[in-house]
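Visitor: Generate a structure from the sequence data that follows.
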Amino acid sequence: DLDLICSRFVARPQHKDNRHGKMMLKSTLQLKHTIQLLPSLTKALEEVTSEMCPLLYLIKENMSDPRLALIAQKIDEIIDEDVSHSKNSSLEKIHLFFAIKPDVEPKLDLARKIYDETVEKVFQLFELYRQEWPDLGLKIEFTETRGYHVS
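Guide: Residues are numbered from 1 along each chain as shown. So this is what the prediction gives:
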C-alpha cells in the first residue's frame, strides 16, 4: 500500500529508536521495490486514455511522474541494489543488516565484519563436527528463534 509506505516517511515518531530505524529501512525497501515495479505497470496501462477510464488514466500519469526517478536515485545512493524487500522473517534481519551500502555508516560496517567473522567461525566449527561424526548426518540450520544450530 503506497499510501501507508509514504505516510511512514512523513509521520513524526514519538521516539527515534532502533525499532523506528528498522521500520524506516523496511519502508525504504518497500518503496524501492514499488518504484521498480512502476515502469512495467505503466507500460501495461499505456493504452488507457482519459475517456476509457479516467481513474486508471490518472494513476498512469502519476506513475510517470519524474520525481519518482529522483526518489529512486536517492534510495540507490544508500541502499544496495542487490537487496530487495523480503517477507521471509528469518531472512529479513539479514537483508536489513546488509541493505545499506558499505562506507555509509562506519559502525554498521564494523558490525557486519564482526557478523561475517562469527558466521565463518560457526561454519568452521560445524565442519569439524561433521568430520568428527560423519555417521550422524549433521546439518546446520538457521531459525529466527535459535539462530544457527546443528541438527
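
Visitor: Check which helix or strand residue 148 maps to.
Guide: Here residue 148, judged by DSSP states H and E, is contained in strand 147-150.

Visitor: what about the spatially most central residue of the chain, distance to residue 55?
Guide: In the chain, the centroid-proximal residue (CA atoms, centre = their mean) is residue 85; its distance is 3.7 Å. Per CB to CB, to the nearest Å, residue 85 is found 27 Å from residue 55. From N, CA and C alone the C-beta is placed, and that goes for glycine too.

Visitor: show me the contacts for the residue nearest to the centre of the chain.
Guide: 26, 29, 30, 32, 33, 95 (CB atoms under 8 Å, 6 or more residues apart in numbering).

Visitor: from those residues, which is closest to residue 73?
Guide: Within these, proximity to residue 73 (CB to CB) peaks at residue 32, which comes in at 11.0 Å.

Visitor: Report the buried residues of the helix or strand harbouring that closest one.
Guide: Secondary-structure element containing residue 32, defined by DSSP H and E: helix 18-44. With burial defined by 16 or more other CB atoms under 10 Å, the residues of helix 18-44 counted as buried are 25, 26, 27, 28, 29, 30, 31, 32, 34, 35, 38, 42.

Visitor: Not including adjacent chain positions, what is the nearest residue to the fifth one?
Guide: This means residue 29. Leaving aside its sequence neighbours, residue 29 sits nearest to residue 85 (CB to CB, 6 or more residues apart in numbering; 4.4 Å).

Visitor: hang on, that neighbour in a strand?
Guide: No: counting by DSSP: H, G, I helix; E, B strand; the rest coil, residue 85 is located in no strand; its state is coil.
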